[in-house]
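Asks: I'll drop the sequence and a predicted model, then ask my questions.
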Amino acid sequence: MIDKAQNASTFVSEVDSAFLFIFGVALFFLFAITAVLIYYIIRYRQSKNPKATHIEGSTKLEIIWTVVPTILVLVMFSYGWSGWKSQTEIPDDAMPVKAIARMWSFAFEYENGLVTDTLIVPKGRAVKLDLVAQDVIHSMYIPAFRVKQDMVPGKKSNIWFESERIGTYEIFCAEYCGLRHSYMMSGVKVIEGAKFDKWMEENKSIEEANKGTNKRLAGVSVLRKYGCNACHTIDGSKLVGPSYKGVLGSTRTVITDGKEREVFGDEAYIRRSIYEPNADVVKGYDQGLMLSYKDQVTEEELQHLIEYFKSLSE
């Protein structure tokens, strides 16, 4: 369940107060100017003032409508500046988490190497997100925390926050990044500090124990970890990329160096498709949409995928 409660992070009050002040000023002048406009329309309509009256300029009025807006704008600026400054001053003891964005999913990597598709953080502890975009421009946006930052490929950027309330909050990509941009959603789960430490320790142990567990189930985890399901399906339907269904043990028509040829779906083909995705592009699909995962998907994870694909081909 998504929590929309206030005070989800320490930035909420200052961001909301700045917004309410600016909105209040704008609303006041909207009604004030409209009221004056209506008054003059009625007061100086042709039937009441058939002959136009020449009015000389007023230095006093000109000073007032120059000074007052300038003061209001400077106050608005000070609100925005103080909020921006606090969001750029990352505490030295903030817990680092790498936030990875790709078309079209988020992944979060912790210091111990654990990777999740949902960001899990402790309550009352500063968290720094090191933002990494692997393909196109994305934008990390957590509305309940009032934080947002663009993620540009090759550019280092980060954001930080400290949550004050336990709950689950939405994460969106706020930059249009392609066909399935609207599907690029995740969440932040805030839990008690002691529970978080226990969760980290348990998952560290599970990661070691999983080496001897069911590889087919591990394959599903690998697909979720790298966001593969955003572009591929398991039921044979067409999406951005070809379906996993029947990929092993069948023949596919691919385009290699501009030439059409038939390839057999075996382990070598799977490996090449993951490490060199643009070498053999299945006919009917576009080249260049998938990046190489050569430096990310490990040999163990590859074997998990092979076992899972075998189950889809049975």
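Replies: Thanks, I have the structure now. All values derive from a computational prediction rather than experimental measurement.
Asks: quick one, longest helix in this protein?
Replies: Assignment by DSSP state H gives helix 12-43 as the longest helix of the chain.
Asks: please name every helix or strand in contact with whichever helix or strand comes after that helix.
Replies: As assigned by DSSP states H and E, the chain's next helix or strand after helix 12-43 is helix 59-88. The contact analysis (3 or more CB pairs under 8 Å, 6 or more residues apart in numbering; DSSP states H and E) places helix 59-88 against helix 12-43. The way it works is simple: take the backbone N, C-alpha and C, and place the C-beta from them, glycine included.
Asks: mind listing what's buried along the helix or strand containing residue 170?
Replies: Secondary structure from DSSP H and E places residue 170 in strand 167-173. Neighbour-count burial for strand 167-173, counted by 16 or more other CB atoms under 10 Å, picks out 167, 169-173.
Asks: can you confirm residue 263 is in a strand?
Replies: Yes: assessed by DSSP: H, G, I helix; E, B strand; the rest coil, residue 263 belongs to a strand.
Asks: that one and residue 95, how far apart?
Replies: Using CB to CB, to the nearest Å, residue 263 is found at 45 Å from residue 95.
Asks: same check on residue 254?
Replies: In this view, residue 254 and residue 95 are 44 Å apart by CB to CB.
Asks: about what we covered before: between the longest helix of the chain and helix 59-88, how big is the angle?
Replies: What separates the directions of helix 12-43 and helix 59-88 is an angle of 160 degrees, with axes from the mean of the first three to the mean of the last three CA atoms, to 10 degrees.
Asks: in helix 12-43, which residues are buried?
Replies: 12, 14-15, 18, 22.
Asks: nearest to residue 278, of those?
Replies: Using CB to CB, residue 15 comes nearest to residue 278 of these, at 42.7 Å.
Asks: from memory that closest one sits against residue 83, does it?
Replies: Yes: here residue 15 reaches residue 83: they are 5.5 Å apart, a contact under CB atoms under 8 Å.
Asks: picking that back up, packing partners of the longest helix of the chain?
Replies: Taking 3+ CB pairs under 8 Å, 6+ apart as contact, the helices and strands that helix 12-43 lies on are helix 59-88.
Asks: ranges for the strands of the stretch 101-250 of the chain?
Replies: 105-109, 115-116, 119-122, 127-133, 138-142, 147-151, 157-161, 167-173, 185-191 (DSSP state E, counting those that start in this stretch).
Asks: buried deepest among these, which one?
Replies: Mean neighbour counts were taken over the strands of the stretch 101-250 of the chain using mean count of other CB atoms under 10 Å, and the top value, a mean of 23, falls to strand 138-142.
Asks: rewinding a little: okay, the strands of the stretch 101-250 of the chain in JSON lines with distance to residue 36 next?
Replies: Putting these into JSON lines (distance: least, CB to CB, whole Å) gives the following:
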{"stretch": "strand 105-109", "distance to residue 36": "50"}
{"stretch": "strand 115-116", "distance to residue 36": "57"}
{"stretch": "strand 119-122", "distance to residue 36": "50"}
{"stretch": "strand 127-133", "distance to residue 36": "48"}
{"stretch": "strand 138-142", "distance to residue 36": "39"}
{"stretch": "strand 147-151", "distance to residue 36": "37"}
{"stretch": "strand 157-161", "distance to residue 36": "43"}
{"stretch": "strand 167-173", "distance to residue 36": "41"}
{"stretch": "strand 185-191", "distance to residue 36": "46"}
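Asks: for residue 198, which of these is the nearest?
Replies: Nearest to residue 198 among these is strand 185-191 (9.5 Å), distances taken as CB to CB.
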